[in-house]
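Asks: Based on what follows, work out the 3D shape:
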Amino acid sequence: MAFSIRPSSVDETELKEAGLREGWSPATVALRLAEAKALAVDMPDAFIIGADQMLSCRGALYDKPEDRQVAQDQLLSLRGQTHTLHTAVVVCRNGRVLWQHVSEPHLTMRLFSDAFLQTYLEEEGERCLASVGGYRVEGPGLHLFDRIEGDHTAILGLPLLPLLCALREMGVIIS
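Replies: Have a look, this model is predicted:
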């Protein structure tokens with residue numbers, strides 16, 4: 001099966017701010033972002049997949065950190081807490097949403113030491129800026145956690161099992 005990756009031109013900040021003003025849930029924000037990204041890609045007759053993710057903890061929403069200090073602050077606020085990753089994926093075709101899904105895994109960070117945090121941030125470097133919350137469970141960030149519940153692929157940013165099921169049901173891939 002042939003596929004291509006096309007970045008969308010969606011202003012995520014504007015859409016997130018609008019959603020927060022309107023009182024959208026974190027799952028709705030993620031879903032609207034995924035939808036906007038998919039609908040912004042113009043490829044007639046193609047099945048377009050859009051995805052996005054929001055992190056929430058105790059009523060606060062987290063974005064990708066802008067710098068190491070913000071990553072450190074985020075990780076300190078998540079330390080010892082359980083947070084939720086709201087991972088949304090949509091499939092669109094010809095300007096219509098055909099399918100949508102949100103997975104919400106829960107992750108519990110352990111009470112790591114300040115020394116561990118500094119070592120982690122030094123080891124990860126710029127990579128800690130690429131993910132909401134400042135961690136990657138597919139790397140050294142896994143050491144930050146005591147417990148992880150939910151779809152691992154959703155934690156990585158794309159709930160693959162529900163997506164593959166939907167693509168099979170639509171006849172996009174062989175069942």
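Asks: most residues in a single strand of the chain, which one?
Replies: strand 82-93 (DSSP state E).
Asks: buried sites along that strand?
Replies: 83-93 (16 or more other Cβ atoms under 10 Å). For the C-beta atoms, the positions are set from N, CA and C on the backbone; glycine is no exception.
Asks: Please apply the same query to stretch 159-175.
Replies: 159, 162-163, 166-167.
Asks: circling back to that earlier point, what lines up beside the helix or strand that the longest strand of the chain is followed by in the sheet?
Replies: Going down the chain from strand 82-93, the next helix or strand is strand 96-103, by DSSP states H and E. For strand 96-103, the paired strands and their directions (DSSP bridges) read strand 82-93 (antiparallel).
Asks: quick revisit: pull out the CA atoms of the longest strand of the chain and give them to me as CSV.
Replies: What follows is strand 82-93, C-alpha atoms only, in CSV (Å, rounded to 0.1, in the frame of the first residue of the first chain):
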residue,chain,number,x,y,z
THR,A,82,-1.4,10.3,37.2
HIS,A,83,-2.1,12.1,34.0
THR,A,84,-4.1,11.3,30.8
LEU,A,85,-2.9,11.4,27.2
HIS,A,86,-5.9,12.2,25.0
THR,A,87,-4.8,10.8,21.6
ALA,A,88,-7.1,11.5,18.7
VAL,A,89,-7.1,10.2,15.2
VAL,A,90,-9.4,10.8,12.3
VAL,A,91,-9.8,9.5,8.7
CYS,A,92,-11.1,11.9,6.1
ARG,A,93,-11.8,11.7,2.4
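Asks: can you give me the offset of it from its chain's centre?
Replies: 6 Å (Cα atoms, centre = their mean, to the nearest Å).
Asks: Now do that strand, average pLDDT.
Replies: Regarding strand 82-93, the rounded mean pLDDT is 98.
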